[in-house]
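[1] Have a look; sequence and predicted model below, questions after that.
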Amino acid sequence: MKYLKYILLVTVMIGSAFAAPKPTLQLALLKYSGGGDWYSNPTALKNLALFCNSQFGTNFSNEYETVEVGSVDIFNYPFLHMTGHGNVVFSDRDAENLRQYLLAGGFLHIDDNYGMDPYVRPAMKKVFPELEFVELPFSHEIYHQKFKFEKGLPKIHKHDEKAAQGLGLIFEGRLICYYSYESDLGDGWEDEEVHKDPPEIRLAALRMGANMLQYVFEF
């Protein structure tokens with residue numbers, strides 16, 4: 001009988017281990033200097049987290065953290081989201097901190113919320129003077145996670161009516177920064193009443209965002 005009790009105890013312990021809750025994941029919004037509105041789209045990351053939880057069974061918190069680019073806190077988050085409409089300024093310390101974060105395995109998503117492009121390019125050049133943004137081919141795996149985007153980055157908002165471009169910084173073969181230009185994914189992630197985008201447009205934006213998180217977190 002004592003052996004049976006032992007077997008039952010081990011079985012319960014093993015079952016409990018397999019039934020352990022999934023770790024809570026959290027997204028982070030990057031705060032930068034220069035006067036640009038880094039705080040744009042306040043409901044975007046919350047909705048993206050909830051969408052991923054519904055599609056993948058992940059356990060993303062719907063509360064995101066705000067972290068300053070020069071802070072060591074960025075190293076606590078595998079995925080940083082950066083957005084805005086205007087000026088972006090990185091100090092030398094900011095640039096070095098972000099560089100070390102990305103070299104250590106972190107990932108930065110830059111989402112041009114319209115008007116950010118002339119500022120974010122020189123800012124990122126300060127971080128990686130040896131790299132240039134390149135347009136990712138439509139065959140890149142970021143477009144072929146759970147959701148397939150055979151034509152690359154979806155167009156969410158009109159902006160200057162240019163084609164959406166998915167640009168990347170690649171270091172030693174690894175995509176370390178994905179820059180969604182002329183698309184505005186974050187607006188598509190926002191609460192429906194904010195921009196009143198059609199359901200299919202919001203869905204495309206959320207699916208592309210989910211692909212990015214699946215690419216980064218490998219779930």
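    Great, that's in hand. Keep in mind the model is a prediction, meaning the values are calculated, not measured.
[2] can you give me the strands for this protein?
    28-31, 65-68, 79-84, 107-112, 134-135, 165-171, 174-181 (DSSP state E).
[3] And the average pLDDT for the fifth one is what?
    When pLDDT is averaged along strand 134-135, the result is 98.
[4] count of neighbours near the closest residue to Lys151 other than its chain neighbours?
    With C-beta to C-beta, 6 or more residues apart in numbering as the measure, Phe138 is the residue that lies nearest to Lys151, at 6.1 Å, once sequence neighbours are left out. Where C-beta positions appear, they are placed from N, C-alpha and C, glycine not excepted. For Phe138, the count of nearby residues is 13 (other C-beta atoms under 10 Å).
[5] go on, Ala205?
    Using other C-beta under 10 Å, Ala205 has 29 other residues around it.
[6] so what pLDDT did the residue lying closest to it once chain neighbours are set aside get?
    Nearest residue to Ala205 in three dimensions, chain neighbours excluded: Gly188, at 2.5 Å (C-beta to C-beta, 6+ apart). With respect to pLDDT, Gly188 scores 96.
[7] Surely Gly188 touches Ala204?
    Yes - under the criterion of C-beta atoms under 8 Å, Gly188 lies in contact with Ala204, with a separation of 6.9 Å.
[8] so what's the nearest residue to Phe107 once chain neighbours are set aside up against?
    The spatially closest residue to Phe107, leaving aside those adjacent along the chain, is Val216, at 4.7 Å (C-beta to C-beta, 6+ apart). Residues in contact with Val216, defined by C-beta atoms under 8 Å, 6 or more residues apart in numbering, are Pro78, Phe79, Phe107.
[9] The first one reaches Glu218, doesn't it?
    What it means is Pro78. No - using C-beta under 8 Å, Pro78 is not in contact with Glu218; the gap is 9.8 Å.
[10] Of the two, which one has the most company?
    When neighbours are counted by other C-beta under 10 Å, Pro78 comes out ahead of the other of Pro78 and Glu218, with 17 against 8.
[11] in the protein, which spans are helices?
    Per DSSP state H, the chain carries helices over the ranges 2-18, 44-56, 92-103, 117-127, 185-189, 192-195, 199-217.
[12] Buried deepest among the ones you listed, which one?
    Per residue and on average, the most neighbours among the helices of the chain fall to helix 185-189, with a mean of 27 (mean count of other C-beta atoms under 10 Å).
[13] Please compute how far that helix lies from its chain's middle.
    12 Å (C-alpha atoms, centre = their mean, to the nearest Å).
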